[in-house]
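K.L.:
Sequence and predicted structure, then a few things I'm wondering about:
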Amino acid sequence: MGVPKEQAQRNRQAIIDTASRVFRERGVDGVGVADLMKEAGFTHGGFYNHFKSKDALAAEACASAFSEGAALLKTAIEADPASSTDALRHFVTSYLDASHHQASAAGCPSATLAVDAARQGQQMQAAYAQGIEIFLQAMTAHFAAVAGQAADPLRNRQQAIDMLATLVGTVTLARGVGQGDPRLAEEIIASGRTHFPAPSPE
């Protein structure tokens with residue numbers, strides 16, 4: 001007797017959710033299919049009932065990792081782009097918070113999966129690019145709305161790229177040295193924060 005369609009979909013999503021967390025924590029090449037399936041609570045043999053390859057899973061896990069954070073940012077900004085400065089500032093503050101840069105498994109995939117995306121195939125790179133583009137479009141819309149009639153599409157896009165690159169670079173460097181030199185990690189994070197104004201008091 002086969003697994004009902006609804007249960008199969010839940011099982012598939014459970015594998016994606018597990019892969020999203022584990023890949024961010026250990027890297028795509030840091031865990032095999034057998035161990036991944038075991039952690040998700042399934043047998044190794046069931047993997048190919050859901051995915052054609054590990055590369056295909058990596059792409060879906062990457063997209064899933066981006067979806068929640070990117071959607072929240074996009075919704076907050078697009079709700080009222082011209083007055084969403086604090087929404088963006090709160091996002092930046094949480095992004096550069098110790099709880100984020102010290103916890104890669106639940107961290108933003110723009111930093112945790114950057115190296116993996118570069119090393120993996122076209123499928124994962126496409127998913128990573130799509131996730132980055134969602135962030136950039138939301139940030140660009142914000143900068144354009146704030147500028148109003150003086151908005152310059154190319155400048156607004158560049159502002160978004162600069163902001164995201166600074167955030168991702170700051171967190172990536174801090175994670176890279178975090179266990180070897182915690183004080184250097186904090187110095188890097190503190191420097192990253194100087195690029196962005198703090199949110200207004202609640």
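P.N.:
Nice, thanks for sending it over. Numbers count the residues shown, from 1 in each chain.
K.L.:
CA atoms for contacts and neighbours, from now on please.
P.N.:
Will do.
K.L.:
Need the residues that contact the helix or strand bottoming out on mean pLDDT in the chain.
P.N.:
When each helix and strand of the chain is scored by mean pLDDT, DSSP states H and E, helix 98-101 comes last, with a mean of 72. When contacts are defined by C-alpha atoms under 8 Å, 6 or more residues apart in numbering, helix 98-101 is touched by residues 94-95, 106-107, 171-172, 174-175.
K.L.:
Apply 7 Å and report the result again.
P.N.:
When contacts are taken as C-alpha atoms under 7 Å, 6 or more residues apart in numbering, the neighbours of helix 98-101 outside the stretch itself are 107, 171, 174-175.
K.L.:
and the two most separated of these?
P.N.:
Using C-alpha to C-alpha, the contacts of helix 98-101 reach their maximum pairwise distance at Gly107 and Ala174, which is 13.0 Å.
K.L.:
ok, those two, which is more surrounded?
P.N.:
More crowded of Gly107 and Ala174, by other C-alpha atoms under 10 Å: Ala174, with 25 against 22.
K.L.:
Could you point out the helix or strand that follows whichever strand or helix holds the more buried one?
P.N.:
Taking DSSP states H and E as the criterion, the element that holds Ala174 is helix 153-177. Proceeding N to C from helix 153-177, the next assigned helix or strand is helix 182-193, under DSSP H and E.
K.L.:
Give me the packing partners of that following helix, helices and strands only.
P.N.:
helix 153-177 (3 or more C-alpha pairs under 7 Å, 6 or more residues apart in numbering; DSSP states H and E).
K.L.:
chain center to the helix it packs on, what's the gap?
P.N.:
For helix 153-177, the gap between its own C-alpha mean and the chain's C-alpha mean amounts to 13 Å (C-alpha atoms, centre = their mean, to the nearest Å).
K.L.:
State the mean pLDDT of it.
P.N.:
Helix 153-177 carries an average pLDDT of 93.
K.L.:
Also stretch 22-41?
P.N.:
93.
K.L.:
Stretch 57-74 now?
P.N.:
Taken as a whole, stretch 57-74 carries a mean pLDDT of 84.
K.L.:
Touching it from outside, list them.
P.N.:
16-17, 19-20, 51, 109, 123-124, 127-128, 131, 134-135, 138.
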